[in-house]
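Colleague: build me a model from this:
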Amino acid sequence: MATGNEGAHRKPIELPPIDVDTELNFEASKPRAGLDYWRKKAAGRPMPLRSDIRPEEIASLLPHLCLFELTPRPDGSVDMFPRLAGARFEEVFGPIHNRPLATRLAPEILERWRGVARAMIEHGGPIRAIGNVLHEDKTFIRFELLLAPLSKEGSNIDMMLLVSDFSMRTEIEP
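Modeller: A predicted model of the protein is given here:
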């Protein structure tokens with residue numbers, strides 16, 4: 001018989017973190033091309049402005065590209081709002097373009113995403129993120145991502161350029 005307290009003693013779901021590489025040793029061509037573009041647009045500055053990013057210059061990356069607006073939260077984490085989400089990214093995660101991620105992703109998945117965005121902000125530059133998709137039982141998909149900071153005004157990291165590569169896992173892990 002249900003008592004209404006079924007969830008009272010549940011532990012929060014803990015998921016493996018996303019691996020972060022600051023050496024930027026990309027295996028996939030799309031994130032590597034995204035890094036080359038980001039560096040070109042940074043032109044010696046700590047990061048490019050959001051207005052420096054011109055979609056027509058990177059048409060081949062658009063299906064793999066996302067632009068997130070980043071907003072600090074009181075708990076020290078960061079809110080991520082997808083201003084642009086490429087078709088390939090949405091094939092894996094569903095329609096997220098211009099939608100609050102909290103309405104599209106499970107809380108534990110959203111925390112993983114916030115964690116890697118926080119790692120990029122703390123690093124202050126681009127990072128490579130590697131792992132397995134854990135959304136909707138798609139654990140057979142491996143991802144490699146470029147996460148690179150952008151700024152609206154030139155001083156604060158308040159946007160993020162993400163370029164994705166998704167592939168089938170070649171090994172089954174125990």
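Colleague: could you export stretch 82-90 as PDB, CA atoms only?
Modeller: This file holds the C-alpha atoms of stretch 82-90, laid out as PDB (Å, rounded to 0.1, in the frame of the first residue of the first chain):
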ATOM      1  CA  PRO A  82      20.400  27.000 -25.400                       C
ATOM      2  CA  ARG A  83      20.100  30.000 -27.800                       C
ATOM      3  CA  LEU A  84      21.100  27.700 -30.700                       C
ATOM      4  CA  ALA A  85      21.100  23.900 -30.900                       C
ATOM      5  CA  GLY A  86      22.300  22.100 -34.000                       C
ATOM      6  CA  ALA A  87      20.300  19.300 -35.600                       C
ATOM      7  CA  ARG A  88      22.800  16.600 -34.800                       C
ATOM      8  CA  PHE A  89      22.800  17.600 -31.100                       C
ATOM      9  CA  GLU A  90      19.000  17.600 -31.000                       C
END
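Colleague: now tell me what touches that stretch from outside.
Modeller: 55, 61-69, 93, 95-99, 101, 159, 162, 164, 166 (CB atoms under 8 Å, 6 or more residues apart in numbering). (Each C-beta comes from the backbone N, C-alpha and C, glycine too.)
Colleague: need the buried ones from these selected in PyMOL.
Modeller: Listed next is the PyMOL selection for buried residues among the contacts of stretch 82-90, using 16 or more other CB atoms under 10 Å:
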select buried, resi 61+64+65+66+67+68+69+93+96+101+159+162+164+166
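Colleague: what residues of the longest helix anywhere in the chain count as buried?
Modeller: Of all the segments of type helix in the chain, defined by DSSP state H, the longest one is helix 107-123. Applying a neighbour-count criterion of 16+ other CB under 10 Å, one finds 109-117, 119-121 buried in helix 107-123.
Colleague: now the strands for this protein?
Modeller: 19-21, 65-72, 78-85, 127-132, 141-150, 159-168 (DSSP state E).
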